[in-house]
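[1] What follows is a protein structure lacking sequence information:
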């Protein structure tokens, strides 16, 4: 029997090697992007620009490479799940789209390796490094090592539907609330003029995942002068800032129904907020660059044909002028997504060649034609996009980032839970904060937390 | 039946050789993971973060954490899910599936065969369709904005209901009842069919009502089937995962059954140690159900021999 097994095994092994011809290399790219669906422009860029350009370039160098794109249609959290399980079993795409904030926990878990460790010395001699600032590099780095390349960075703001503001007698072009009270007053005025609208949407809840923490909680807590961690990197688990933030949520969703509560609780909630904004039911939506340049782009899934005429934006105010993070009047926060190399890739050299080609000046400039964004290379111009240019001056200098810490994504999940229990009306802000405190202490240990009450 | 030992197709050695591949597969894919899960439940192993590469042996800490009285009853914790699952089993399996199945089976004894076949087909269709298809069909049926049910309600001038958000628990109870009643119905149907018709004919002559026939003839004679049915559907309902497709375990963990809780801890939060501990407890609970089932089967076999 053992002879038969051995024969079978040998047969299988031969058959497997026969399938791959000697010099052809297959590469796979995965991203949460679907032509005609989410991040459609990214998918089109990879399919129509990156893949043909890269295969031609490799052919010129005498290498036969085929690249296929795996279009992942699920949610961000499901993509993380997929990548974590893929990387832990040595499977998955060679080049994978990745959100920078997850890098520390993946690295500590042994699921990612530095670029130069995966692909060798080629990485360090890449021409692109000299065009990428330290700050941009750090979006996909941990412990001083680069694990991937960010496609760009972003900021967050309040996006405004002009006609809804006009209906409440507000001038959309001059609209810039200077405090939470002014923001709420504007929302109340719009609600009064349009009783079945949900004028103000600030993300909360578990189903929205990281969008809750970034577009919702961070934008509020920074306005109280605090952040998720203090200046020593310890997680703040009890403070007046947290209570004020949760009370803001309570005002919006429970006490005055200024926002669409169901959108924060249902599984497809984020798309519901996009739909509400597109259909003119939401006047003020706190979101990131991605919302303006991708989700709402004319022709996109939630696109507005006359986006530039119908939509404007305002900075998120601090609770009171000057009371924001670092004493600021306005607050915002940045993140970065990009691509990493699968540490188990069978063709590391070609995978790096693809990743670096995607981030070449030529390729990123081509990307601007599909989707305008802040690119990380200094030799790729920010396009002639009023939103990007204005916020570059107004918000980019004010921005901050999430802690580069392996426990952050677990704490972030607790933040999402805390906000959900408040917006669903199930817990008071004080009770929700107490539960958050207990949960965060269980994750990071009491020594790494600080109580400010 | 006695077995003839002198006649066999294969020698003991050949028999063992034929069994070996199966035994190896069971060993590698069932027994090994079984003990591996028990081992992992004593560590703080995760998939992400520092404890992924260097997990520590933490003894019973995961179990203590699950049964920590301070958080036991909190929504989204182990105890809450355990109690919720118990309620779910009582309402949707014991009351819902078994009672509805029994009622359907009894009513079907009296209706014309053509109608009986139609009812059977409808009930069994609910049972044989793939879980995911059923889940999405129900989701589409109950949706607030565009759901069929709310369209009907609005059409009748009744207020629409936001069932998946407002009454998520009752939604999954009704869903599971609807889904599983077919099995009980079929089991009771064949049980009733095994009762000699003369019993009922004699009762008819005596002028017994349908309820009297059910109480005094039908039910006592199928008692064994009832117990078998109850244990089987309890086990299945206890481990069911399909409600996840309807509610995602939410809103705010209000429909997070033990199986869904286990999935969240192990594969969404990647906390393998704690997830394994939950898995071990679920295994123990299932073991108790299985032992009850087996001991009952043995008693019945003995009773038949006597």
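    Nice, thanks for sending it over. If you're wondering where the values come from, they're calculated on a predicted model, not measured in any experiment.
[2] Pretty sure residue A:236 sits against residue A:450.
    Yes. Contact status for residue A:236 versus residue A:450: in contact at 5.7 Å, counting by CB atoms under 8 Å. The C-beta positions use only the backbone N, C-alpha and C, and glycine is treated the same way.
[3] neighbour-wise, which of these two wins?
    For residue A:236 and residue A:450, the more surrounded residue by other CB atoms under 10 Å in any protein chain shown is residue A:236, and the numbers stand at 20 against 16.
[4] Let me see the contact set for that one.
    Contacts were defined as CB atoms under 8 Å, 6 or more residues apart in numbering or on different chains; by that measure residue A:236 touches A:226, A:227, A:228, A:229, A:230, A:242, A:449, A:450, A:451, A:452.
[5] Wait, the last one touches residue A:238, no?
    Right, the one you point to is residue A:452. Yes. If you go by CB under 8 Å, residue A:452 and residue A:238 touch, sitting 6.4 Å apart.
[6] Just want to know which of those two has more residues nearby.
    When residue A:452 and residue A:238 are compared on other CB under 10 Å, the one with more neighbours turns out to be residue A:238, at 18 against 12.
[7] Quick check: nearest residue in space to the more buried one, chain neighbours excluded?
    Nearest non-adjacent residue to residue A:238, counting by CB to CB, 6 or more residues apart in numbering or on different chains: residue A:451, 4.3 Å away.
[8] same check, this time on residue A:318
    In space, and not counting its chain neighbours, residue A:318 is closest to residue A:324: 3.0 Å by CB to CB, 6+ apart.
[9] Nearest to chain B: which residue in the stretch 301-450 of chain A?
    When CB to the nearest CB is the measure, the stretch 301-450 of chain A has its nearest residue to chain B at residue A:406, with 4.6 Å between them.
[10] Now do the SS call for that residue.
    Using DSSP: H, G, I helix; E, B strand; the rest coil, the three-state assignment for residue A:406 comes out as coil.
[11] quick one: contacts for it?
    Contacts for residue A:406 (CB under 8 Å, 6+ apart) come out as A:104, A:105, A:107, A:108, A:109, B:48, B:49, B:50.
[12] for those residues, which one is nearest residue B:166?
    Set against residue B:166, the nearest of those by CB to CB is residue B:48 (35.2 Å).
[13] The closest one contacts residue A:413, correct?
    No. In this structure residue B:48 lies outside contact range of residue A:413 using CB under 8 Å: 11.6 Å.
[14] got the residues of the stretch 301-450 of chain A near chain B?
    Selection of the stretch 301-450 of chain A residues close to chain B by CB under 8 Å from any CB of the partner chain yields A:406, A:407, A:409, A:410, A:413, A:417, A:420, A:421, A:424, A:426, A:435, A:438.
[15] any idea how far residue B:247 is from the fourth one?
    In other words, residue A:410. Taking CB to CB, to the nearest Å as the criterion, residue A:410 is separated from residue B:247 by 24 Å.
[16] more crowded one of these two?
    Counted by other CB under 10 Å, residue A:410 and residue B:247 do not tie: residue B:247 has more neighbours, with 26 against 21.
[17] from chain A, which residue is nearest to chain B?
    residue A:109 (3.4 Å).
[18] show me what contacts that residue?
    Contacts here follow CB under 8 Å, 6+ apart; on that basis residue A:109 touches A:84, A:88, A:406, B:46, B:47, B:48, B:49, B:50, B:52, B:53.
[19] Quick check: closest non-adjacent residue to the residue of the stretch 51-200 of chain B found nearest chain A.
    Proximity to chain A, evaluated over the stretch 51-200 of chain B using CB to the nearest CB, is greatest for residue B:52 at 3.4 Å. Nearest non-adjacent residue to residue B:52, counting by CB to CB, 6+ apart: residue A:109, 3.4 Å away.
[20] I'd like to know how far that neighbour sits from residue A:348.
    Relative to residue A:348, and taking CB to CB, residue A:109 is found at 20 Å.
[21] and if you look at residue B:155?
    Distance of residue B:155 to residue A:348, given as CB to CB: 61 Å.
[22] Correct me if wrong: residue A:80 contacts residue A:99.
    Yes. Counting by CB under 8 Å, residue A:80 touches residue A:99, with 7.4 Å between them.
[23] Near chain A, which residues of the stretch 51-200 of chain B? Just list them.
    The stretch 51-200 of chain B has residues B:52, B:53, B:70, B:71, B:74, B:75, B:76, B:144, B:162, B:164, B:165 near chain A, with proximity defined as CB under 8 Å from any CB.
[24] Neighbour-wise, give me the winner out of those residues.
    In those, the most neighbours by other CB under 10 Å go to residue B:164, 25 neighbours.
[25] So that one is in contact with residue B:172, correct?
    No. Taking CB under 8 Å as the contact criterion, residue B:164 and residue B:172 are not neighbours in contact, 9.7 Å apart.
[26] From what I see, residue A:219 and residue A:286 are in contact.
    Yes. Shown here, residue A:219 and residue A:286 form a contact pair, counting by CB under 8 Å, at 5.3 Å.
[27] Now for those two: what residues contact both?
    Between them, residue A:219 and residue A:286 share these contacting residues under CB under 8 Å, 6+ apart: A:156, A:202, A:316.
[28] Which ones among these lie within strands?
    Judged by DSSP state E, these include A:156, A:316 as members of strands.
[29] Which single one of the shared contacts of residue A:219 and residue A:286 is nearest to residue B:220?
    Of all those, residue A:202 has the smallest distance to residue B:220: 63.3 Å, by CB to CB.
[30] doesn't residue A:273 make contact with the closest one?
    No. Taking contacts as CB under 8 Å, residue A:202 lies outside contact range of residue A:273: 9.9 Å.
[31] The residues of the stretch 301-450 of chain A next to chain B into TSV, with extra columns for secondary structure and pLDDT?
    As requested, those are arranged in TSV below (DSSP: H, G, I helix; E, B strand; the rest coil; pLDDT from 0 to 100):
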residue	secondary structure	pLDDT
A:406	coil	88
A:407	coil	90
A:409	helix	87
A:410	helix	90
A:413	helix	91
A:417	helix	92
A:420	helix	93
A:421	helix	92
A:424	coil	90
A:426	coil	87
A:435	helix	92
A:438	helix	91
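[32] tell me the SS of residue A:70?
    Using three-state DSSP, the structure places residue A:70 in strand.
[33] who's it bridged to?
    residue A:30 (DSSP bridges).
[34] okay, the residues of the stretch 51-200 of chain B next to chain A in a markdown table with secondary structure, pLDDT and distance to residue A:379 next?
    Formatted as a markdown table, these follow (DSSP: H, G, I helix; E, B strand; the rest coil; pLDDT from 0 to 100; distance: CB to CB, whole Å):
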| residue | secondary structure | pLDDT | distance to residue A:379 |
| --- | --- | --- | --- |
| B:52 | helix | 81 | 38 |
| B:53 | coil | 82 | 39 |
| B:70 | coil | 81 | 57 |
| B:71 | coil | 80 | 54 |
| B:74 | coil | 82 | 54 |
| B:75 | coil | 82 | 53 |
| B:76 | coil | 82 | 49 |
| B:144 | coil | 84 | 50 |
| B:162 | coil | 85 | 53 |
| B:164 | helix | 85 | 51 |
| B:165 | helix | 85 | 50 |
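[35] which residues in the stretch 201-350 of chain A form strands?
    Taking DSSP state E, counting those that start in this stretch as the criterion, the stretch 201-350 of chain A contains strands spanning A:235-238, A:284-288, A:311-314, A:316-317, A:330-331, A:336-341.
[36] Fine by me, we can end here.
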